[in-house]
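Visitor: 3D model of this:
(one chain, ligands or ions: 2)
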Amino acid sequence: MNNDIEKVLFDQTQLDKRMDEMADELNQKYADKQPIIIPVLNGAMIFASDMIKRLNFKLTIDPIKASSYAGAESTGKVKITQDIKSDVKDQPVIFMEDIIDTGRTLQALSEVMKDRGAASVEVVAMLDKPTTRVVDFHADYYGFQAPDAFLVGYGLDYNGLYRNLPYVGILKRKIYA
Ligand code: 5GP
Ligand code: MG
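Guide: Ligands and ions are numbered 1, 2, ... in the order given. Here you go, the predicted model:
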């Protein structure tokens with residue numbers, strides 16, 4: 001599996017350090033708020049579980065699954081394929097996501113929670129790809145900026161594989177070309 005990786009971008013040590021820093025910010029901001037944490041599955045599962053362990057305030061966890069279908073390519077609609085169970089009305093909500101690319105997924109999911117009356121909506125992303133953004137959306141917290149390359153590991157997959165790599169790396173082109 002490691003042989004399929006062109007280059008390691010962020011290793012466990014780097015990720016741990018950034019997650020500690022982000023957790024410090026969240027621990028201050030949410031100390032008395034009891035937010036609903038919404039990991040966006042499947043990609044965010046590794047990052048979210050590592051982040052959540054660093055949070056020292058009361059919270060609940062309620063994952064969501066979403067897929068963007070490019071059928072009508074220009075719209076790139078986002079569909080919730082597995083919804084949360086919680087009522088978010090008047091509750092603070094924090095999404096946890098692996099990577100913000102076009103921005104469509106988290107923009108759409110944030111809108112849904114605002115429409116449902118969430119008291120606040122914030123987004124924590126492991127990675128941010130600023131150069132491939134197509135909508136005006138920004139994560140409130142992100143670990144690292146990532147280049148416009150196909151990345152795997154730490155939850156990010158190619159055809160379901162590589163999620164278990166304990167680092168984020170660039171997949172060799174020959175694997176998917
Ligand atoms: P977007 O921001 O474009 O709506 O969607 C972000 C989603 O696209 C991520 O949750 C992830 O599933 C997928 N994605 C974007 N860039 C990459 C990448 O480099 N590697 C992998 N494996 N998935 C990516
Ligand atoms: Mg995803």
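Visitor: so is the helix or strand of the chain at the bottom of the mean pLDDT ranking next to ligand 1?
Guide: Least confident helix or strand, the chain: strand 64-69 with a mean of 87, by mean pLDDT, DSSP states H and E. Yes. Strand 64-69 comes into contact with ligand 1 (Cβ under 6 Å from any ligand atom), by way of residue 68. Every C-beta, even on glycine, is put in place using the N, C-alpha and C of the backbone.
Visitor: so for that strand, what gets flagged as buried?
Guide: Using 16 or more other Cβ atoms under 10 Å as the test for burial, strand 64-69 gives 64, 66.
Visitor: next SSE after it?
Guide: As assigned by DSSP states H and E, the chain's next helix or strand after strand 64-69 is strand 77-82.
Visitor: what helices or strands is that next one leaning on?
Guide: strand 64-69, helix 104-115 (3 or more Cβ pairs under 8 Å, 6 or more residues apart in numbering; DSSP states H and E).
Visitor: out of the ones you listed, flag the one nearest residue 128.
Guide: Evaluated over those, closeness to residue 128 peaks at helix 104-115, with 10.5 Å, by Cβ to Cβ.
Visitor: surely residue 168 touches residue 149?
Guide: No. Look at residue 168 against residue 149 with Cβ atoms under 8 Å: they stay out of range, at 10.4 Å.
Visitor: okay, the two: which has more neighbours?
Guide: Just comparing residue 168 and residue 149: by other Cβ atoms under 10 Å the higher neighbour count belongs to residue 168, 28 against 13.
Visitor: if we can go back for a sec, how far does the least confident helix or strand of the chain sit from its chain's centre?
Guide: Centroid separation for strand 64-69 versus its chain: 12 Å, with Cα atoms, centre = their mean, to the nearest Å.
Visitor: give me the low-pLDDT residue ranges for the protein?
Guide: Along the chain, segments meeting pLDDT under 70 span 69-75.
Visitor: sorry, back to before: other residues contacting the least confident helix or strand of the chain?
Guide: Defining contact as Cβ atoms under 8 Å, 6 or more residues apart in numbering, one finds that strand 64-69 is touched by 38-42, 76-84, 102, 104-105, 108-109.
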